[in-house]
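> Could you work out the structure for the sequence below:
(chains A, B, C and D)
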Protein chains: 2
Amino acid sequence: MKATIRSVAKLAGVAPSTVSHYLNQTAPLSAATAKSVEEAIAALNYRVNLGARSLRLRKTNSIGVVIPNITSPFFGEIAAVMENRLWERGFQTLLCISERSPERELSQVAHLVSRQVDGILLVYCSQKSRVAETLSDISVPIVFVDRRVPDQYSVCTDNFLGGRLAGRHLATLGHRVIGLLCGEPSVENVAERIQGFQVELQRFGLEIPEAYKAKGRQDLQLGLRITDLLQLDPRPTAIFATNDIVAIGAWRKLVESGFRIPRDISIVGFDDIAISRFLVPPLTTVAQPYREIGAKAVELLVDLVQAGETGKPAQENVILAPTLKIRGSTAPLKKGGAGKAIDGRLPQRTKPVPPKSKRSSRKGASRRPFKS
Amino acid sequence: MKATIRSVAKLAGVAPSTVSHYLNQTAPLSAATAKSVEEAIAALNYRVNLGARSLRLRKTNSIGVVIPNITSPFFGEIAAVMENRLWERGFQTLLCISERSPERELSQVAHLVSRQVDGILLVYCSQKSRVAETLSDISVPIVFVDRRVPDQYSVCTDNFLGGRLAGRHLATLGHRVIGLLCGEPSVENVAERIQGFQVELQRFGLEIPEAYKAKGRQDLQLGLRITDLLQLDPRPTAIFATNDIVAIGAWRKLVESGFRIPRDISIVGFDDIAISRFLVPPLTTVAQPYREIGAKAVELLVDLVQAGETGKPAQENVILAPTLKIRGSTAPLKKGGAGKAIDGRLPQRTKPVPPKSKRSSRKGASRRPFKS
DNA sequence: AGGAAAAGTTGAAACGATTCAACGCGACGC
DNA sequence: GCGTCGCGTTGAATCGTTTCAACTTTTCCT
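Residues are numbered from 1 along each chain as shown, chains lettered A, B, ... in the order given. Got it, this is the predicted structure:
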């Protein structure tokens, strides 16, 4: 039988309320009573029942975290940071993994509300998420992470800026023929990256024709489709991938096909996941400020939770700036120049360049793919 | 004001207990009452307070998961599998990250107990963990994951077997001079891998001299120390790293130094983290059965939880077999043979082999490093 | 029609904590 | 000596559920 505050009180020969006061230091106790309570607690190995306390206090000191998955390095990092910060602040993390299913996500949020969490940190998995709509039903503070939601608290990277950073980097390196590996925009983030990238290129008088964009679900497979782009004429001398996973997929294909990075082709990713630093050469990428995102989201939510009694803080959409990590996978355009095939000194095991596909050759012939 | 079962009852014109029966389908209700209760619930947007229910039922349907960290791919995978399985089984996951601190781990376990979790899944972070000792104080079922604990429920990979698999693979490929990158055994797992590896090599009449073992904290840095091994004479033709991260560290150094994998050197890792498949060539490694570990641990714990009322299941230590994934990073020993420097056709950018260090030359000269 | 069984509903007592108002009591001031 | 104050302590109510025994109403059988 587990010890309760009552059993402790009985053993110590005091009232339950006295034990409670001892535990919470909410009233002064005489040294004698304190001691006997202390002993009773030790004797019974008593531990307060936080569930019961929560019921009475109407506050659980727990925060629900809903995240699409946790094995992807990006989300994993964010989840880790949030758990850490929450623990430091005295909150327990209730973890839910939505596995990118909007239905599951919704039911998880509902479940968390039922559990009386004090707040929710949500990285929603798809623009179709219905959480935002049903939000009025949810009387719990909620902060959206890595997503921008109109009129809601949210913390997000400036994806547009990130795209621009990547674009500027490649353009100033002299690249003129650039390929794009675009994840299907399940959420707006990816679309913003692409837009930022293109807007910045325009400043350099560059434009990316549709043929130079490979689109697909944002995962490793998409990276492999870089082979499509390599068949184009002129062949791209640089690639921007909308995240590092895609970049790594492309990387693999490139190396297997005998390309040298960055000599033959430059490549830029997005996210700066841990592996990227350890490729040879390391991947140039737009780094998301993981720690800041997680930390800021927790801070914002905790403020909201604690402001529950008083007034709410002003509506706040936090947008954090990413930074460009220039590493070894990008290099200035070699004198061969844009539009030329890469020079003859290919690595030994290079496969012959496959014949141009109809599509690419047509497009390539009909108009100059890049202005200027 | 949040709706309670009482407010619902009042609105529906019935007793609170009736509403409860409606919710739990624990007594037959007339169609009329059911309907009015239903409507009242909808009108008030009532959601049951799971905290209160737990208090009454003395069962929280929540499981504490304590894990050293979550960003490392191995632990991340396991955590993900466990969360998923738990959710399917109707349990909420309370996540705690110990950050490899035994003190933190202990206080997290204590906290979870206070929260009345129904059970705990623990990947403890260090052999010094004091959880096992204080276990008698803990009246909650607990399953140790990826660790073996005497007389406790646990689920673990057969690390010894894993080591043997790696050893046999390299030996049958003809390698005779083999280097070892040994993580400091913070937990026994690593030591067992090394032991299994050596035991298997002995069957082939091979033995690894101390000079061919690089030891250190099991992380990327350790991998970089492969340079020490490369200065030995004879130079190892194969490397076994006690996990994939270490192997990747070594890999990076090797590639940077101009070695070709597996032509110049074979390398075997342990864990089979996601990245390993995507190196070029992909890494041969001993795959831990992640999914099985996580799934089995959850299954075992849930059994324990549900057996709480009845008798406990027999003491069980589940040991799961790892499998060797033979990929591109290992190859048969080339005719140059053991003990010879790798052949002259090094890649273009190979750095000159550094002069032998005093230590290695002395050792190398004093006795044959490998029997047979 | 009468009684028993079945069906539907309910009040009150938990679960384990917190908290507020009140109480006993010695000390103090006048 | 008496009223007051403050300290230490406590009883009872409460948080939102579930559940058991009991109660009322209906149904069924003979």
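> rest of the way, CA atoms for contacts and neighbours
Noted.
> starting at the chain centroid, how far to the helix ranked longest in chain A?
Looking across chain A with DSSP state H, the single longest helix is helix A:290-307. Here the centre of helix A:290-307 is set off from its chain's centre by 15 Å, with CA atoms, centre = their mean, to the nearest Å.
> repeat for stretch A:73-91
12 Å.
> List the contacts of that stretch.
A:61-63, A:65, A:67-70, A:92-93, A:271, A:273-274, A:290-291, A:293-295, A:297-298, B:69-71, B:73, B:76, B:95-97 (CA atoms under 8 Å, 6 or more residues apart in numbering or on different chains).
> Would you mind writing the ChimeraX command to select the buried ones in the residues you listed?
If you want just the buried ones from the contacts of stretch A:73-91 in ChimeraX, going by 16 or more other CA atoms under 10 Å in any protein chain shown, the selection is:
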select /A:61,62,63,65,67,68,69,70,92,93,271,273,290,291,293,294,295,297,298 /B:69,70,71,73,76,95,96,97
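> A:Gly167: what secondary structure?
Assigned with DSSP: H, G, I helix; E, B strand; the rest coil, A:Gly167 falls in the helix class.
> Tell me how far it lies from A:Glu192.
Separation of A:Gly167 from A:Glu192 (CA to CA, to the nearest Å) stands at 13 Å.
> now do A:Phe204
A:Phe204 is 19 Å from A:Glu192, by CA to CA.
> now A:Ala307
Separation of A:Ala307 from A:Glu192 (CA to CA): 33 Å.
> These two: which has the busier surroundings?
Taking neighbours as other CA atoms under 10 Å in any protein chain shown, A:Ala307 and A:Glu192 compare with A:Glu192 leading, 20 against 12.
> For that one, which residues are in contact?
A:Asn159, A:Phe160, A:Gly163 are the contacts of A:Glu192 under CA under 8 Å, 6+ apart.
> One more pass at 6 Å, please.
Counting by CA atoms under 6 Å, 6 or more residues apart in numbering or on different chains, A:Glu192 makes contact with A:Asn159, A:Phe160.
> and it, what helix or strand is that in?
Following DSSP states H and E, one finds A:Glu192 within helix A:188-203.
> contacting residues around the helix or strand following that helix?
The helix or strand immediately downstream of helix A:188-203 is strand A:213-216, counting by DSSP H and E. With contacts defined as CA under 6 Å, 6+ apart, strand A:213-216 is touched by A:Gly179, A:Leu180, A:Leu181, A:Cys182, A:Gly183, A:Glu184, A:Leu222.
> likewise stretch A:288-299?
With CA under 6 Å, 6+ apart, stretch A:288-299 has contacts from A:Ile78, A:Val81, A:Met82, A:Val155, A:Asp271, A:Pro322.
> which residues of chain A fall in helices?
A:5-12, A:16-24, A:31-44, A:50-57, A:73-88, A:102-114, A:159-172, A:188-203, A:220-224, A:226-230, A:244-256, A:290-307, A:358-366.
> and the ones you listed as TSV, adding distance to DNA strand C and mean pLDDT?
Output for these, formatted as TSV (distance: least, CA to the nearest atom of the strand, whole Å; pLDDT from 0 to 100):
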stretch	distance to DNA strand C	mean pLDDT
helix A:5-12	3	96
helix A:16-24	4	96
helix A:31-44	11	94
helix A:50-57	4	97
helix A:73-88	19	96
helix A:102-114	16	94
helix A:159-172	44	97
helix A:188-203	43	95
helix A:220-224	51	85
helix A:226-230	60	91
helix A:244-256	48	91
helix A:290-307	15	94
helix A:358-366	71	35
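> Out of the ones you listed, which is closest to DNA strand D?
helix A:50-57 (3.4 Å; CA to the nearest atom of the strand).
> Output the contacting helices and strands for that closest one.
On a contact count with 3 or more CA pairs under 6 Å, 6 or more residues apart in numbering or on different chains; DSSP states H and E, helix A:50-57 meets no helix or strand.
> show me the contacts for the nearest residue to A:Val8 once chain neighbours are set aside.
In this structure, A:Val8 finds its nearest non-sequential neighbour in A:Ala40, 5.6 Å apart by CA to CA, 6 or more residues apart in numbering or on different chains. Applying CA under 6 Å, 6+ apart, we find A:Ala40 in contact with A:Val8, A:Leu11, A:Ala12.
> my guess is A:Thr330 contacts A:Pro262, does it?
Yes: with contact defined as CA atoms under 6 Å, A:Thr330 reaches A:Pro262; the gap is 5.2 Å.
> Pick out whichever of these two has more residues nearby.
Applying other CA under 10 Å to A:Thr330 and A:Pro262 shows that A:Thr330 carries more neighbours, namely 26 against 18.
> Not counting its neighbours along the chain, what's nearest that one?
Residue nearest to A:Thr330 in three dimensions, not counting chain neighbours: A:Ser266, with 4.3 Å by CA to CA, 6+ apart.
> Let me know whether that neighbour touches A:Arg327 as I believe.
No: using CA under 6 Å, A:Ser266 makes no contact with A:Arg327, being 10.6 Å away.
> the more surrounded of the two?
Shown here are A:Ser266 and A:Arg327; by other CA under 10 Å, A:Ser266 has more neighbours (26 against 15).
> Look at that one and report its pLDDT.
pLDDT recorded at A:Ser266 is 96.
> tell me the contacts of it?
A:Ala238, A:Ser329, A:Thr330.
> Identify the residue nearest A:Ile265 in space, chain neighbours excluded?
Closest to A:Ile265 by CA to CA, 6+ apart is A:Thr237, at 4.9 Å.
> Run through the bridge partners of the nearest residue to A:Phe144 once chain neighbours are set aside.
Spatial nearest neighbour of A:Phe144, excluding adjacent residues (CA to CA, 6+ apart): A:Ser154 at 4.4 Å. Counting by DSSP bridges, A:Ser154 is bridged to A:Phe144, A:Asn317.
> so what's A:Ser154 up against?
Contacts for A:Ser154 (CA under 6 Å, 6+ apart) come out as A:Val143, A:Phe144, A:Val145, A:Arg148, A:Asn317.
> do that again at 10 Å, thanks
Counting by CA atoms under 10 Å, 6 or more residues apart in numbering or on different chains, A:Ser154 makes contact with A:121-123, A:142-148, A:293, A:296-297, A:300-301, A:315-319.
> Whichever of those residues end up buried, select them in PyMOL.
PyMOL command restricting the contacts of A:Ser154 to the buried ones, with burial defined by 16+ other CA under 10 Å:
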select buried, chain A and resi 121+122+123+142+143+144+145+146+147+148+293+296+297+300+301+317+318+319
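> Give the buried residues for the helix holding A:Glu192.
If you call a residue buried by 16+ other CA under 10 Å, then helix A:188-203 has these buried ones: A:189-202.
> Stretch A:122-129 near chain B anywhere?
No: applying CA under 10 Å from any CA of the partner chain, one finds stretch A:122-129 separated from chain B by no less than 15.6 Å.
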